[in-house]
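**Student:** Could you look at this predicted model? Sequence included:
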Amino acid sequence: MALEPLQTASSHEFPTVTQLSVFIDDRVGQLLRMTRLFHGTEIRIWGLMVVNSCDCAIVRIIFDDPDSAGQTLADHRYTFKETEVLAVCLPHGNRALENLWTAVLTAEINVYYTYALMGLPHGRPTMAIYTENIQMTAEALAEKNWRLLDHSDLREERER
């Protein structure tokens, strides 16, 4: 009996950014050692969050060029995983986060984690968000006219 080729899901039709989750030892200086790999390169770190456990840490990082960053990490024997997350531009004003969480809650979507991006793509604060359903989150935010970024937006900022 011949096997049929595996089918994969088609790519999504909303902007995302690739987050690399890098596994590092929980020892003094390891975060510095890892981030120094990108010193002197064109690769820019836009967002970073550390999740610590008893003997290792997971560093979630958004780069403007995740392919090159992943190659650099692999060349230096780092283990990492890629995950698509949403990068949401916040409007100016005092209630931006409240309005963002209201839009997500209205769609009844759980937020697993979130962190701010460093720098201001397009001059606006931006949050990385990972939820239980990225597609539903993107649709809910698009319905409310929230701007989602992709890597071309981040590379554009590097060139400014």
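**Tutor:** Happy to help now that I have it. Residues are numbered from 1 along each chain as shown.
**Student:** Phi, psi for V104 please.
**Tutor:** Per-residue torsions, V104: phi -70, psi -40 (degrees, to the nearest 10).
**Student:** Relative to D55, how far out is it?
**Tutor:** Distance, V104 to D55, using Cβ to Cβ, to the nearest Å: 33 Å. Where you see a C-beta, it was placed from the backbone N, CA and C, and this is true even at glycine.
**Student:** Neighbour count: these two, which is higher?
**Tutor:** Neighbour tally, V104 and D55, criterion other Cβ atoms under 10 Å: the higher count belongs to V104, 23 against 8.
**Student:** which residues does the residue at minimal distance from the centre of the chain contact?
**Tutor:** Geometric centre of the chain, nearest residue: Q19, 3.8 Å, by Cα atoms, centre = their mean. Neighbouring residues of Q19 by Cβ atoms under 8 Å, 6 or more residues apart in numbering: 47, 60-62, 66, 82-85, 128, 130.
**Student:** same check, this time on M136
**Tutor:** By Cβ under 8 Å, 6+ apart, M136 lies in contact with 107, 109.
**Student:** From E108, how far out is it?
**Tutor:** 9 Å.
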